[in-house]
Every structure is written in structure tokens, then in C-alpha cells.
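Colleague: fold the following for me, if possible:
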Amino acid sequence: MQEGFRYHMRERSPYVLPMAILTISLILAYIVYPPQNGNTWLETGYPTKKTEGWRIRVCKIHQEIFIRDPYLPPKPLHAILNIDATKEPFKSFEHSSHAGQRNHKAVRQIIAEALHQQLLLISRRRNLEQKDGAGQEMGENYEDWVSLMERVAAVLLDDDPRNNYQRHFVPALTGGVWDFMSSEASLLETKLEQLKKLCA
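Modeller: I've put the predicted structure just below:
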């Protein structure tokens, strides 16, 4: 039986192998060069229109966060580091946009310390899970999360992106007067629509 199977495959190999190669090539071509028509920010992670570099960076991060948890209403990137973007010294961003301004040093220090604290928490969790014999998959997930937090911190430590983000994105993702009365589903829909407009 096994010998017959091998013979059958040898007989068909002149046709099977080229078809397999063609199929794999088409799949790879689709992944590397996806169809351009109708692609949205939510699908690609990138704005569909020509825009500033800082906006491309933050939109890509927001898309990755949404993919991780599509049922969580979008929040400012600060939330990844457990920072409230609506409170001082972040609220008065005009006083922390550039070196020499009164809140500039404080803002950068808060971001750096917040990243450090989050990385410490992750390190402790990983150590505990390793002791408990947790699988490799969770460790890889942590690596992705660490990378995401570091990219968020890099954006927020960069003065111009932070200033622009605070001006354009933070109000749209936090400014709902009736947010506290909205359901989770309603809030998700509202904030996601705001994000789609900002990353269009």
C-alpha cells in the first residue's frame, strides 16, 4: 500500500509540484502586494491618504492595539503605559511641546518612568509563569507587548508627534461628555469611527 502511494506520487509529481509552487507564489504575492482597491486603515494599519510621518506611526500602533482586542473602545496611546492623557502635565500640551518649556521635563520623565514600571511588571509576570511552567506561546506574546509599549513610549517621547497627537487624537478619543452613560458597544463604535476619520 505504502509503495503504491509512493508510485502514485511519483507518477503525478510533474504536475503536482508546478501547481504547488504556483499556488504558494500566488498566496505570497497576495500577502506582499495585497489588492489596493478598497483597502482601509483598519485592514492595512496605514492611512489611505498622503499624510504626516507622525500620523502614520500612531495609526499603525492603534491598528495593532485594535487587532489585539477588537472589543475594547480605543483610548489614547498613553493608556498603554497607564498614563491619563487628560490630566496635567499632559493636558496643557502647549507647555510641554519643546525643550525649555515648563512641563517638558516632567512629561518626558513621567513617560520614561511609566514605561519602566510596565516593563518591570511584565518581567515579574514572565518570571512567575516560567516558575509555573507556562508555555512558550505566552512568552512570545509578552515580547510583542513589550515591543508595542516601547514604540508607544518612543512616539510620546518625541516632541512633535506627542504635541500633534495630543492636539488631534486625544480629544477625539476622550472628549465624549456622555461617555460614562454609553454602553461598551456604543462607545466602541463611536471611538472607532473617530479613529477611522483620523487615520483615513
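
Colleague: quick one, helices of this structure?
Modeller: Under the criterion DSSP state H, helices of the chain are mapped to 2-32, 41-44, 53-68, 104-131, 136-157, 159-174, 184-198.

Colleague: got the angle between the fourth one and helix 136-157?
Modeller: What separates the directions of helix 104-131 and helix 136-157 is an angle of 180 degrees, with axes from the mean of the first three to the mean of the last three CA atoms, to 10 degrees.

Colleague: any stretches of this structure with poor pLDDT?
Modeller: Applying pLDDT under 70 to the chain flags the ranges 1-38, 133-140, 176-181.

Colleague: can you pull the domain assignment for it?
Modeller: 1-33, 39-198 (automatic domain parsing).

Colleague: now mean neighbour count and distance to K87 too, for the helices of the chain, in JSON lines please.
Modeller: In this view, the C-beta of every residue, glycine as well, is placed from N, C-alpha and C. Listed next are those as JSON lines, based on neighbours: other CB atoms under 10 Å; distance: least, CB to CB, whole Å:
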{"stretch": "helix 2-32", "mean neighbour count": "9", "distance to K87": "42"}
{"stretch": "helix 41-44", "mean neighbour count": "16", "distance to K87": "28"}
{"stretch": "helix 53-68", "mean neighbour count": "17", "distance to K87": "20"}
{"stretch": "helix 104-131", "mean neighbour count": "14", "distance to K87": "10"}
{"stretch": "helix 136-157", "mean neighbour count": "15", "distance to K87": "14"}
{"stretch": "helix 159-174", "mean neighbour count": "18", "distance to K87": "11"}
{"stretch": "helix 184-198", "mean neighbour count": "16", "distance to K87": "19"}
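
Colleague: mind putting these in CSV, distance to P89 included?
Modeller: As requested, those are exported to CSV (distance: least, CB to CB, whole Å):
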stretch, distance to P89
helix 2-32, 43
helix 41-44, 30
helix 53-68, 20
helix 104-131, 5
helix 136-157, 12
helix 159-174, 11
helix 184-198, 23
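
Colleague: H78: which of the ones you listed is closest?
Modeller: Counting by CB to CB, H78 lies closest to helix 136-157 out of those; the figure is 6.7 Å.

Colleague: just to revisit the earlier point, nearest to A85, of the helices of the chain?
Modeller: Closest approach to A85 among those (CB to CB): helix 159-174, 4.8 Å.

Colleague: report the separation between L115 and P76.
Modeller: 15 Å (CB to CB, to the nearest Å).

Colleague: actually P89, sorry about that
Modeller: P89 is 15 Å from P76, where distance means CB to CB.
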